[in-house]
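[1] generate coordinates for the sequence data below:
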Amino acid sequence: RGGADFILCLADDRMDEDVFVVLRDYQHDVQYRIFQGTEQEVKVFLCTVGRQPSLAAYCLYTLDDVHELIRGLSVQTKRKMRDS
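    Got it, this is the predicted structure:
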């Protein structure tokens, strides 16, 4: 149904770095998708939880931070659906 336009990967273990590599390569290779006749950028957010360094560009330090992020995404999604 058009593919993904947004990918959020949260990981908290050194073993997850392989997933970051795959998704970073996916973003580099795909970059854009065609949806309903228009080109849209594929946005990939890689986030480590509670540890650094990492291949991820972003870091959340606690599970409370993760919950707050997901709540915020949920609120924004509900607003967007309501307004469309």
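[2] use CA for all of it now, contacts and neighbours both
    OK.
[3] show me the helices in this protein, by range?
    With helices called from DSSP state H, the chain shows them at 17-30, 63-83.
[4] mind listing what's buried along the longest one?
    Judged by neighbour count using 16 or more other C-alpha atoms under 10 Å, the buried positions of helix 63-83 are V66.
[5] list the contacts for L63?
    Going by C-alpha atoms under 8 Å, 6 or more residues apart in numbering, L63 touches V49.
[6] right, so of the helices of the chain, which gets closest to F6?
    With C-alpha to C-alpha as the measure, helix 17-30 is the member of the helices of the chain nearest F6 (10.1 Å).
[7] mind checking the helices of the chain for the one nearest to V49?
    Of all these, helix 63-83 comes closest under C-alpha to C-alpha, at 7.5 Å.
[8] with just CA atoms, put that closest one into CSV.
    This file holds the C-alpha atoms of helix 63-83, laid out as CSV (Å, rounded to 0.1, in the frame of the first residue of the first chain):
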residue,chain,number,x,y,z
LEU,A,63,12.1,4.1,29.2
ASP,A,64,10.2,7.1,30.4
ASP,A,65,11.7,9.0,27.5
VAL,A,66,10.5,6.3,25.1
HIS,A,67,7.0,6.4,26.5
GLU,A,68,6.9,10.2,26.2
LEU,A,69,8.0,10.0,22.6
ILE,A,70,5.4,7.4,21.7
ARG,A,71,2.7,9.3,23.5
GLY,A,72,3.7,12.4,21.5
LEU,A,73,3.6,10.5,18.2
SER,A,74,0.2,9.2,19.1
VAL,A,75,-1.2,12.6,19.9
GLN,A,76,0.2,14.1,16.6
THR,A,77,-1.3,11.1,14.6
LYS,A,78,-4.7,11.6,16.2
ARG,A,79,-4.6,15.3,15.4
LYS,A,80,-3.6,14.7,11.8
MET,A,81,-6.4,12.2,11.4
ARG,A,82,-9.0,14.4,13.0
ASP,A,83,-8.0,17.4,10.8
